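K.L.:
Can you look at this prediction? I've put the sequence above it.
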Amino acid sequence: MDGRLILAQVVAGVATGALYFLVASGLTLIWGALGVVNLAHGSFFMLAAFAATTLVHQLGPGLGLLCALVVVPLLVLVFAVALETTLFRRVYVGGIWGQLLLSFGLLLVVNDLVRTGFGAVSRSIVAPDFLQGFVEIFGVRLAKYQLAILATTGLVALYLWHLLARSRTGRLIRAAVDDPAMLGAVGVDVKALRTRVMGIAAVLAGIAGVIAAPRGAVNTTIDVQIVVIAFAVIVIGGLGSVWGALVAALLVGIAEALSTLVIDQGGEVVIFALMALVLFVMPTGFQTIAGRD
Amino acid sequence: MEHLSWRRALLLVLLGLAAAALVLVVPESRLPAVTRTVMLAGAAMSLNLLIGNAGLVSMGHGLFLGFGAYVVAIGSVKHGLSLSWCIALAISSAVVLAVVSAIIALRARALFFGLLTLALSQVAFVFVARNYALTGGDDGLVGINVPKWLDSDLAQHFVAVGVTTAVCLLLLMILASPFGAILRALRDNPERVASLGGHPKHIEFIAFVIAGILAAIMGVVAAITDQAVEPTLISWTTGATLLVMVALGGRFTFLGPILGVVILETTRTLVQTYSEHSDLVVGLLVMGCALAFPEGIGPSLQGSRLGRWFGGPVHMAEAATPPSTERTAAP
């Protein structure tokens, strides 16, 4: 096995991991700030991916994807805010069981609606012309679209870092993760903050859904697929920790990509084996918020 | 507090007889669906030993269900073993699997425990779904040989009902025993159990192994009644569905899981015959229940006469605790 091939796989793995990070970071934020295990988080991803394929079919690969990247996350945002204010808000107090039931039901409903609205047939779209093919950097052949994914997710991650570490919203979110009761007591509108967190998480999943669409088949099983992987990622990274999720997502992506060099199929088995291994050694993941085990 | 009384045991047997008597009412074409519901009811009951009584939220219970089914299928289809050998093999190897996965899964606590069980079942699922030579891969295995007396929908239904009733009786005995009491004590206050000289890990370990073996037995039933297996039985969809059924029926009520299974499965199969939107209807039903009965339907029946039949409340302290109190422990 030569080094260049391995290096190319590592880059591909980082690109996949970057996508996982976008979904997982939202999931981990929702868990941290809302205390909700949102099984339906992958539905945002799937909705975005289907909406992106529709736009690309209508407007062509270049313009369609660009439009999708702007419009679709906004639509997902509206959907998520509507869900939060009408449904999720009612199950925060009741504890994990009501949330589990609600998000599971939501998963089924959205899946059924997508199947009805977009059809059960698997869709695939091509990347825009200028993002097709490969470039050679230091003799390593890299797919242009992977580099585009890396650039986009890099920007989004940078914005997320700015949002969480440098803005007032971020400080409030971190405070809500630590102690929502105290945050409410000092006069912050925790309700509105939670809506905002749900919105941010949905936008992240929406962006991931759009840029993932040209990479593979878009069908009605990807919602469950991505949310299970995202759960693996946030568990490895430590629940509630965004940057733990980043490390874990890259690790998972690279491990998955490298495993394809050794075994034919079954990259997923590597993800869950990794998760079982990490939890066996570190039962709370890399980095967990204290008091939330 | 669960207690073993003749009345409750008799009630279970009567319930079993009623389930068996469904063959008189249900049209023949619907019988396999009813049999499947009965099988799932047994699996959900075994899962609730962990969820409602030990406080261990396992999300990967499908692992054991699928394992039992697959051992029977592989033994019968690939190696031509007789059914009794397959069953013996399935149950004995399920003990090993349950012990190993208990050792791994019980390393973690609370939500992490659940996600670790999910990871284990997903590893098994991908292994089974990709390994065409041994397990038939995505297509599963078809053509499990059963003895002649078992080769009818009627006989299979009776077997499923019989095994599920036996499993429920066994669970009632376990829960009524001192072991059951210490299990619930552990769920409510592990530190106290430890300070009184109990071994929380040992007790949880035993509960996990028992639940795993019982689920594998229900898996054997699934293999016999379907005469075929497919990998989704192992995947997290099965585990999550069972979890939702338990949550929907009420995890603090002895027969709650059965209630959840019956409601969800009946709705699903009925809607399926009229339209393809069974997911939509079931999803809306589950969401409605989440808003109306976040602790499950069973407890809200508790006050009525019907509710007393389902068994008294076990302990509702957990239900009354708002999540905010768990979070104040941050440094």
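P.N.:
Ah, there it is.

K.L.:
which residues of the stretch 1-150 of chain A fall in strands?
P.N.:
A:134-137, A:140-143 (DSSP state E, counting those that start in this stretch).

K.L.:
quick one, which of the ones you listed is nearest to chain B?
P.N.:
strand A:140-143 (24.9 Å; CB to the nearest CB). For the C-beta atoms, the positions are set from N, CA and C on the backbone; glycine is no exception.

K.L.:
List the buried residues of the closest one.
P.N.:
By 16 or more other CB atoms under 10 Å in any protein chain shown, the buried positions in strand A:140-143 come out as A:140, A:142-143.

K.L.:
do stretch B:162-171 as well
P.N.:
By neighbour count on 16+ other CB under 10 Å, the buried set for stretch B:162-171 is B:163-165, B:167-171.

K.L.:
follow-up on the earlier one: adding mean pLDDT and distance to chain B, write the strands of the stretch 1-150 of chain A out as CSV.
P.N.:
Converted to CSV, these look like this (pLDDT from 0 to 100; distance: least, CB to the nearest CB, whole Å):
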stretch, mean pLDDT, distance to chain B
strand A:134-137, 76, 29
strand A:140-143, 77, 25
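
K.L.:
picking up where we left off before, which one of the buried residues of stretch B:162-171 is nearest chain A?
P.N.:
Comparing the buried residues of stretch B:162-171 against chain A with CB to the nearest CB places residue B:171 closest, at 20.7 Å.

K.L.:
which outside residues touch the strand or helix carrying the closest one?
P.N.:
Assigned by DSSP states H and E, residue B:171 belongs to helix B:153-176. Residues outside helix B:153-176 that contact it (CB atoms under 8 Å, 6 or more residues apart in numbering or on different chains) are B:2-4, B:8-9, B:12-13, B:15-16, B:19-20, B:22-23, B:28, B:31-32, B:34-35, B:38-39, B:41-42, B:45-46, B:49, B:53, B:149-150, B:180, B:183, B:210, B:214, B:217-218, B:221, B:224-225, B:254-255, B:258.

K.L.:
among the residues you listed, which ones are buried?
P.N.:
Taking 16+ other CB under 10 Å as the criterion, what is buried in the contacts of helix B:153-176 is B:2, B:8, B:12, B:15-16, B:19-20, B:22-23, B:31, B:34-35, B:38-39, B:41-42, B:45-46, B:49, B:53, B:180, B:183, B:210, B:214, B:217-218, B:221, B:224-225, B:254-255, B:258.

K.L.:
Now find how far off-centre stretch B:126-139 is within its chain.
P.N.:
In this view, stretch B:126-139 has its centroid 24 Å away from the chain centroid, taken as CA atoms, centre = their mean, to the nearest Å.

K.L.:
Quick one: mean pLDDT over it.
P.N.:
For stretch B:126-139, mean pLDDT rounds to 84.

K.L.:
got the buried residues for that stretch?
P.N.:
B:126-130, B:135-137.

K.L.:
tell me the two of the residues you listed that are most distant?
P.N.:
Largest separation among these by CB to CB: B:126 and B:136, giving 14.4 Å.

K.L.:
Identify the residues contacting residue B:224.
P.N.:
By CB under 8 Å, 6+ apart, the neighbours of residue B:224 are B:72, B:83, B:144, B:146, B:150, B:156, B:159.

K.L.:
From those, keep the buried residues only.
P.N.:
Those of the contacts of residue B:224 that meet the buried threshold are B:72, B:83, B:144, B:146, B:156, B:159, by 16+ other CB under 10 Å.

K.L.:
CA atoms only: put stretch B:205-216 into CSV for me.
P.N.:
Extracted in CSV, the C-alpha atoms of stretch B:205-216 (Å, rounded to 0.1, in the frame of the first residue of the first chain):
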residue,chain,number,x,y,z
PHE,B,205,-24.9,-7.7,35.6
ILE,B,206,-27.3,-10.5,36.5
ALA,B,207,-30.3,-8.5,35.4
PHE,B,208,-28.7,-7.8,32.0
VAL,B,209,-27.8,-11.4,31.4
ILE,B,210,-31.3,-12.6,32.3
ALA,B,211,-32.9,-10.0,30.0
GLY,B,212,-30.5,-10.9,27.2
ILE,B,213,-31.3,-14.6,27.5
LEU,B,214,-35.0,-14.1,27.6
ALA,B,215,-34.8,-11.8,24.5
ALA,B,216,-32.8,-14.5,22.7
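
K.L.:
So what's the gap between that stretch and the chain middle?
P.N.:
So, by CA atoms, centre = their mean, the centroid of stretch B:205-216 is 10 Å from its chain's centroid.

K.L.:
okay, which residue is most central for chain A?
P.N.:
Central residue of chain A (CA atoms, centre = their mean): residue A:23, 0.7 Å from the mean position.

K.L.:
wait, that residue sits on residue A:208?
P.N.:
Yes - assessed by CB atoms under 8 Å, residue A:23 is found in contact with residue A:208 at 5.1 Å.

K.L.:
Under the pLDDT cut-off, which ranges of the stretch 1-150 of chain B? List them.
P.N.:
The model of the stretch 1-150 of chain B has pLDDT under 70 over residues B:1-3.

K.L.:
what's the model's confidence in the helix holding residue B:171, averaged?
P.N.:
For helix B:153-176, mean pLDDT is 93.

K.L.:
Could you name every residue contacting both of residue A:23 and residue A:208?
P.N.:
Common contacts of residue A:23 and residue A:208, defined by CB under 8 Å, 6+ apart, comprise A:45, A:226.

K.L.:
if we can go back for a sec, among the contacts of residue B:224, which lie within helices?
P.N.:
Applying DSSP state H to the contacts of residue B:224, the entries found in helices are B:72, B:83, B:156, B:159.

K.L.:
out of these, which one sits closest to chain A?
P.N.:
Of all the ones in helices among the contacts of residue B:224, chain A sits closest to residue B:72, with 23.4 Å by CB to the nearest CB.

K.L.:
ranges for the helices of chain A?
P.N.:
For chain A, the helices defined by DSSP H cover A:3-29, A:41-59, A:61-86, A:96-118, A:144-161, A:168-178, A:180-185, A:190-212, A:222-237, A:242-262, A:267-281.

K.L.:
what's the distance between the first one and the middle of its chain?
P.N.:
Same thing as helix A:3-29. A distance of 11 Å separates the centroid of the chain from that of helix A:3-29, by CA atoms, centre = their mean.
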